[in-house]
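Colleague: Need a 3D model of the following:
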Amino acid sequence: MEGFLDPRSDLVFRRIFGEHPDILRDFLNAMLPLDSPIVSLEYLPIDQMPVLPVYKRGIVDVRCVDENGRQFIVEMQMQWTAAFLQRVLFNASQAYVKQLEKGETFELLQPVIALSLLDDRFVRDSDEFYHHYRIVNVGMPERRIEGLEFVFVELPKFRQARPGEARRVRWAWLRFLRDAADAGKAGHPSVEAFERETGINEAINEALRISRESNFSPAERDAYDRFWDIVRTERTLIQGKTKEAMEQGHAKGHAKGHAEGRAEGRAEGMAEGLELALKNMMAAGIAEAKAKGILGIK
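Modeller: Below you'll find the predicted structure:
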């Protein structure tokens, strides 16, 4: 039985979530901690954003507004760097500001919620895969300022244990996003078993149907393959820069320690080497906390 193309790719993600508002509505209602569910929505045009150096194909987003005026930005990100975090903040802030025409009052502003689906890890000191951020009073977090909210979902950390009924649809959507492309492969459920397990409502069943290989032309399949080639290249580049930075740091620390011939010299040299490695990694776009975790810096 034919399998599914990976819904994390730009082509498939946009085909599913960028062309079918009923599917997107079900997905957002499952994924977001909303005060009231989305009843209907319509798509918004995607502004032309500046292309980040190197990461040319790692991001895809869909934007929409619901019947109450709430705006939603849904992003699929293949790699995590500090630059992507700034991009998420920029996009959500721009969407919030651009709601008003000249002369309109601030009372007309409606909330903007950014949902970032990450095929990477960005919180290294936690096993939690779901992160919800709001603007809150530091001393009394139950008090918040409405307007901007951010949800980050780390797909590699997603647990496969079946949850309670309240989270069942979210679980099925995450299973679809992360594991659909592996259905039918060795060591994974068959295509039929995967459909039975995840196709728990009409929206998810439709997403499964859309993502079948036969629904894409040869030209689209070529574009799909090129997407993954580029993603693999970008990931290799990030890993290479990380390895290079670490090697530079260790080499400088060893050289200085050897030249001075004292334990103090080696310690000082290693400290300077780690500092250099940290700077190089951050210059390559790797978040400071992530870089420190890789280098073992507290």
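
Colleague: Mind listing residues that contact the longest strand along the chain?
Modeller: Counting residues, the longest strand found in the chain (DSSP state E) is strand 144-154. For strand 144-154, the surrounding residues in contact (Cβ atoms under 8 Å, 6 or more residues apart in numbering) are 31-33, 88-89, 92-93, 96, 109, 111-118, 120-123, 129-137, 174. All C-beta spots, glycine's among them, are computed from the backbone N, C-alpha and C.

Colleague: could you redo the last one with a cut-off of 7 Å?
Modeller: 32, 88, 92, 96, 109, 111-118, 121-123, 129-136 (Cβ atoms under 7 Å, 6 or more residues apart in numbering).

Colleague: so how far is the helix or strand that it is followed by off the chain centroid?
Modeller: Per DSSP states H and E, the first helix or strand lying C-terminal to strand 144-154 is helix 168-179. Relative to its chain's centre, helix 168-179 lies at 15 Å (Cα atoms, centre = their mean, to the nearest Å).

Colleague: Which elements pack onto helix 168-179?
Modeller: The contact analysis (3 or more Cβ pairs under 7 Å, 6 or more residues apart in numbering; DSSP states H and E) places helix 168-179 against helix 21-31, helix 191-198, helix 202-210.

Colleague: Just want the most central residue of this structure.
Modeller: Against the mean C-alpha coordinate of the chain, by Cα atoms, centre = their mean, the closest residue is residue 118 at 2.2 Å.

Colleague: quick one, phi psi at that residue?
Modeller: Backbone torsions of residue 118, given as degrees, to the nearest 10, read phi -110, psi 130.

Colleague: what does residue 63 give?
Modeller: phi -130, psi 140.

Colleague: got it, and residue 183?
Modeller: phi -60, psi 130.

Colleague: Next up, the contacts around it.
Modeller: With Cβ under 7 Å, 6+ apart, residue 183 has these contacts: 3, 4, 189, 190, 191, 194.

Colleague: at 6 Å instead, please
Modeller: 3, 189, 191, 194 (Cβ atoms under 6 Å, 6 or more residues apart in numbering).

Colleague: Distance-wise, check it relative to residue 204.
Modeller: According to Cβ to Cβ, to the nearest Å, residue 183 stands 13 Å off from residue 204.

Colleague: What of residue 25?
Modeller: Applying Cβ to Cβ, the value for residue 25 to residue 204 is 12 Å.

Colleague: what about this protein, any weak spots by pLDDT?
Modeller: 1, 47-59, 102, 238-274, 276-287, 289-298 (pLDDT under 70).

Colleague: I am finished for the moment; much appreciated.
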